[in-house]
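Q: Have a look at this fold, sequence not included:
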């Protein structure tokens, strides 16, 4: 728990539980120890530490899958048992649990909490099924964070039954009650729909997969997406049958970010500037930023705003020098893409554009080019091979570009290592351009787009996730929208997307990809980047080549505008002024009203 004096405003203190697994009464097997089997004697200590030591392991191995499931169960079970302990210590009736507690399943990782709560209520507290199920469905709420099928967790029933046999029994009963009750009443004997909404997916060979997303929807009172577009797609594409079965159960709560951390704390100079001009209430009521709008036309304020940004860019330049040994010019346009490394987020499209700019400057060295620094920050899942290929390619391209004296400091590329919150706190206040370039229909919401825009960065983005709402808020003149819409992406998928056609028809794309294949950026190992290049030509599942030309033109507009400082800074101020809606305070209020009904 935090000290009351350190909490913002000093009015409330939140309880935060940090769970740690510990070995029981006999951590060391003394018999084995005395027999000289020292490592085996300490196995309990190792296994105990592994549960809460590092989250989450790579789960491409059987051991990784086991540990991940155990971790998900451990933290869910600890929290539920603590809730029951608190509730009972107050002398309150168990039937009143939903009046006092709401459980928010943040994606499907804690979905095992549904059968665990059922187990506690029935096996430990002696409730009958119907009463326990009623309490569970009133307490649980599920936030979906992805439309990607591979990101919707599915556990092998055999694996779960081996580790948590009682929970498998309960999940089977939940599914039986659902299929023979609500599902049968709605769809009768329509086998196709019944198979789709079932918690279990039957596999050839007899094994079954447990669809944790289906379990979460069936076992929750409310289900929400995290942006208006995402929630609409959850209803229409991901869970259309459940939306039909449970009218009003699927709702939207657009994400938000806390202004205390992502403006006041990470950008103190801008915070002071805001305090002097509009007061301090924006920290707890972010809509107060709208008072900045008239100041966007005042030269004195624009000078002060740009001065703050320059100091932030100098600070980031020092960090880049320290971490990467790369010298960057704070006067250049800082173009930032910081987020998880995934193909749908399309860092590879950003990279192709950087390569095309490199070629453009070398071809026309005396033309007017906006000096740019492209900054990446990202981590990839341990077993995600293509994501690691993209990271490798960015760093190889960066090494060549950053050491090419012909560029005369007009283009630099930086991949900051070990991307984390403390690094983001230095990047975000210094960003001029915010790259939000995911394929339309794949980003649930994004919060980096909000953090960067709130600090005055101009977005280059697709109509995806919360970008749609950000574009509505800031106005079409203050954002650079490009690329195919959700409907256009779906239409192209249906007709059969062929990336090779884009490669053949667009000489800029072709030259950039060829330079990845011919060893231009990996001279000592010419084949090193070929896998990424060939994947773009022959696979490109997230249509980077289809959107590339539109993206290039949007970037060109941004670069031209950056050479008009007064116009640029006015748009930057308007971005800050108009993003007050994207506050976590508003988001939590929406949860309270739309989801928890408190």
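A: Now that the structure is in, tell me what you want to look at. Everything numeric in this text was worked out from a predicted model, so none of it was measured.
Q: Which parts of the stretch 201-350 of the chain are strands?
A: Remark: strands assigned in the stretch 201-350 of the chain by DSSP state E, counting those that start in this stretch are 208-211, 222-225, 250-252, 333-338.
Q: Let me have those strands in TSV, adding mean pLDDT, distance to residue 408 and mean neighbour count as columns.
A: To be clear about C-beta, it is placed using only N, CA and C from the backbone, and glycine gets the same treatment. Shown next, in TSV, are these (pLDDT from 0 to 100; distance: least, C-beta to C-beta, whole Å; neighbours: other C-beta atoms under 10 Å):
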stretch	mean pLDDT	distance to residue 408	mean neighbour count
strand 208-211	97	56	22
strand 222-225	98	47	25
strand 250-252	98	49	19
strand 333-338	98	16	24
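Q: So which of the ones you listed is nearest residue 545?
A: The closest of the strands of the stretch 201-350 of the chain to residue 545 is strand 333-338. By C-beta to C-beta, the value is 18.0 Å.
Q: report the longest helix in this structure, please.
A: helix 62-89 (DSSP state H).
Q: List the contacts of the helix or strand following it.
A: Where DSSP states H and E defines the elements, the next helix or strand beyond helix 62-89 is helix 97-100. For helix 97-100, the external contacting residues (C-beta atoms under 8 Å, 6 or more residues apart in numbering) are 83-84, 87, 92, 135, 138-139.
Q: in helix 97-100, what counts as buried?
A: 97-98 (16 or more other C-beta atoms under 10 Å).
Q: just how off-centre is it within its chain?
A: Counting by C-alpha atoms, centre = their mean, to the nearest Å, helix 97-100 is centred 30 Å from the centre of its parent chain.
Q: Walk me through the domains of the chain.
A: 1-53, 75-252, 327-563 (automatic domain parsing).
Q: just these: most buried one?
A: Highest mean neighbour count among the domains of the chain (mean count of other C-beta atoms under 10 Å): domain 327-563, with a mean of 19.
Q: Average pLDDT for the longest helix of the chain, rounded please.
A: Mean pLDDT, helix 62-89: 95.
Q: and residue 145, that one's in a strand?
A: No. Judged by DSSP: H, G, I helix; E, B strand; the rest coil, residue 145 forms no part of a strand; its state is coil.
Q: That one and residue 109: what is the separation?
A: Applying C-beta to C-beta, to the nearest Å, the value for residue 145 to residue 109 is 10 Å.
Q: Surely residue 155 is within a helix?
A: No. Counting by three-state DSSP, residue 155 falls outside a helix, being strand.
Q: about what we covered before: identify whichever of the strands of the stretch 201-350 of the chain lies nearest to residue 288.
A: With C-beta to C-beta as the criterion, residue 288 lies closest to strand 250-252 of the strands of the stretch 201-350 of the chain, at 24.4 Å.
Q: show me what contacts the closest residue to residue 573 other than its chain neighbours?
A: In space, and not counting its chain neighbours, residue 573 is closest to residue 296: 4.1 Å by C-beta to C-beta, 6 or more residues apart in numbering. By C-beta under 8 Å, 6+ apart, residue 296 lies in contact with 302, 570, 573-574, 577.
Q: show me what contacts residue 202?
A: 195, 208.
Q: 10 Å instead?
A: For residue 202, the contact set (C-beta atoms under 10 Å, 6 or more residues apart in numbering) comprises 157, 195, 208-209.
Q: swap in residue 491?
A: Residue 491 is in contact with 484-485, 497, counting by C-beta under 10 Å, 6+ apart.
Q: quick one: it is in a strand?
A: No. Membership of residue 491 in a strand is not supported by three-state DSSP, which gives helix.
Q: Tell me the spacing between the spatially most central residue of the chain and residue 356.
A: For the chain, residue 446 is the residue whose C-alpha lies nearest the centre (C-alpha atoms, centre = their mean; 5.8 Å). As judged by C-beta to C-beta, residue 446 and residue 356 stand 25 Å apart.
Q: again with residue 128
A: Relative to residue 356, residue 128 is positioned 67 Å away (C-beta to C-beta).
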